[in-house]
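Visitor: give me a model of this one.
(2 chains)
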Protein chains: 2
Amino acid sequence: MIYFITGNKNKYIEAKKIIKDIEMKHIPYPEIQADKLEDVAEFGEEYLKKQVNEKFFIEDSGIFIDALKNFPGVYSAYIFKTIGNEGILKLMEGIESRKARFESVIAFYDGSLHIFKGVCKGKISYNARGKGFGYDPIFIPDGSEKTFGEMSITEKNKYSHRGKAIRALSSLLAPL
Amino acid sequence: MIYFITGNKNKYIEAKKIIKDIEMKHIPYPEIQADKLEDVAEFGEEYLKKQVNEKFFIEDSGIFIDALKNFPGVYSAYIFKTIGNEGILKLMEGIESRKARFESVIAFYDGSLHIFKGVCKGKISYNARGKGFGYDPIFIPDGSEKTFGEMSITEKNKYSHRGKAIRALSSLLAPL
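Guide: Have a look, this model is predicted:
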């Protein structure tokens, strides 16, 4: 059994589709302000490894928009809670270059630290479409016409940053 | 001698106008992601007190815009670096309620922790005016027609969140 330390049930559901042998556990941990998700994840892992006696992982993700100098980036969660997709679309009004990427970083601890990163390139849509959580309704991954919000979890996982990072973790676990 | 631990020379210059006996020292320290500046400052202070052998303080500040659910708040520095004042003004387009406040929190350590907070209420201007740093050109404090960007440092300190917090620290130091 491996713990996925998170307070976000949607993330857990996505991960569970790929790795069956995980359990969600909510333990708050400090997230630092940093330019890179890796630094946030490593810091959290250092804090948690003193408290958790099982193998565990945490995941941090964000959306980085080229035309906005990588905004909202590592602060995607906070910025979603405040200005939301409506705010992002307003900031992108009149901007033709819509390139963006989602990044997901997993820090897994089994006595030593393993970092996995998944990146999904794509673009910001002109309107919010579909459901999903967070920025899903305004992100169209390369190779699709749909936003993440218009996809099933299984379909989203094929493309998504988090799907890629979780599969990388899954490969490490496979021989176990 | 008291150290002001910061990498921001503008903040140091403002503080030095009020407290002469300080010196700027740049030691990077972790800033956590939190909803309140107090939590960021306390965490940083806990980290630094193990490393600094003199009395010291740190300062964290942010601008909280009512109509944007307190965005950019504790992430003001990052958000300024990315979308900047131009982005804030774009987000505020068509919004009549311009209320905002600047907050400054100082964590001072002299063997024990002291927290000082200064708040400056005001509003977001419709255009950037003047110089200053950060959000100064788009913030008009209550009681003035000018933005912080249009004021001298001495004038800004009369109104400003940071001026208030620094004066509170100064009162504590006065009997020394």
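Visitor: switch to C-alpha atoms for all contacts and neighbour counts from now on
Guide: Noted.
Visitor: near chain B, which residues of chain A show up?
Guide: Contact residues (CA under 8 Å from any CA of the partner chain) of chain A with chain B: A:30-33, A:68-72, A:75, A:79, A:82-83, A:87, A:90-91.
Visitor: one more time with 10 Å
Guide: Neighbours of chain B within chain A, by CA under 10 Å from any CA of the partner chain: A:29-35, A:40, A:43, A:67-75, A:78-79, A:81-84, A:86-93.
Visitor: show the buried residues in these.
Guide: Among the residues of chain A next to chain B, those classed as buried by 16 or more other CA atoms under 10 Å in any protein chain shown are A:29-34, A:40, A:43, A:67-68, A:70-75, A:78-79, A:82-84, A:87-92.
Visitor: so of these, which ones are in helices?
Guide: A:40, A:43, A:78-79, A:82, A:84, A:87-91 (DSSP state H).
Visitor: in three-state terms, label the residue nearest to A:Glu42 when sequence neighbours are not counted for me.
Guide: The shortest distance from A:Glu42 to any non-neighbouring residue, by CA to CA, 6 or more residues apart in numbering or on different chains, is to A:Ala107 (6.5 Å). Assigned with DSSP: H, G, I helix; E, B strand; the rest coil, A:Ala107 falls in the strand class.
Visitor: who's A:Ala107 bridged to?
Guide: Beta bridges link A:Ala107 to A:Ile58, A:Ile115, judged by DSSP bridges.
Visitor: find me the pLDDT at it, would you?
Guide: We have a pLDDT of 97 for A:Ala107.
Visitor: how much space separates it from B:Gly134?
Guide: Distance of A:Ala107 to B:Gly134, given as CA to CA, to the nearest Å: 34 Å.
Visitor: more crowded one of these two?
Guide: A:Ala107 (24 against 19; other CA atoms under 10 Å in any protein chain shown).
Visitor: I'd guessed the more buried one sits against A:Asp60; true?
Guide: Yes. Between A:Ala107 and A:Asp60 there is a contact at 8.6 Å, judged by CA atoms under 10 Å.
Visitor: in which helix or strand would I find the residue nearest in space to the middle of chain A?
Guide: Computing the C-alpha centroid of chain A and ranking residues by CA atoms, centre = their mean puts A:Ser61 first, at 3.1 Å. Secondary structure from DSSP states H and E places A:Ser61 in strand A:56-65.
Visitor: quick one: that strand to helix A:84-91, angle?
Guide: 30 degrees (axes from the mean of the first three to the mean of the last three CA atoms, to 10 degrees).
Visitor: what would strand A:56-65 look like as PDB? C-alpha coordinates only.
Guide: Taking C-alpha atoms only, strand A:56-65 is exported to PDB below (Å, rounded to 0.1, in the frame of the first residue of the first chain):
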ATOM      1  CA  PHE A  56       4.000   7.800   0.000                       C
ATOM      2  CA  PHE A  57       4.000  10.400  -2.700                       C
ATOM      3  CA  ILE A  58       2.800  13.900  -3.300                       C
ATOM      4  CA  GLU A  59       2.000  15.600  -6.500                       C
ATOM      5  CA  ASP A  60       2.100  19.300  -7.400                       C
ATOM      6  CA  SER A  61       1.000  20.600 -10.700                       C
ATOM      7  CA  GLY A  62       0.400  23.900 -12.600                       C
ATOM      8  CA  ILE A  63      -0.400  25.400 -15.900                       C
ATOM      9  CA  PHE A  64       2.300  27.600 -17.500                       C
ATOM     10  CA  ILE A  65       1.100  30.100 -20.200                       C
END
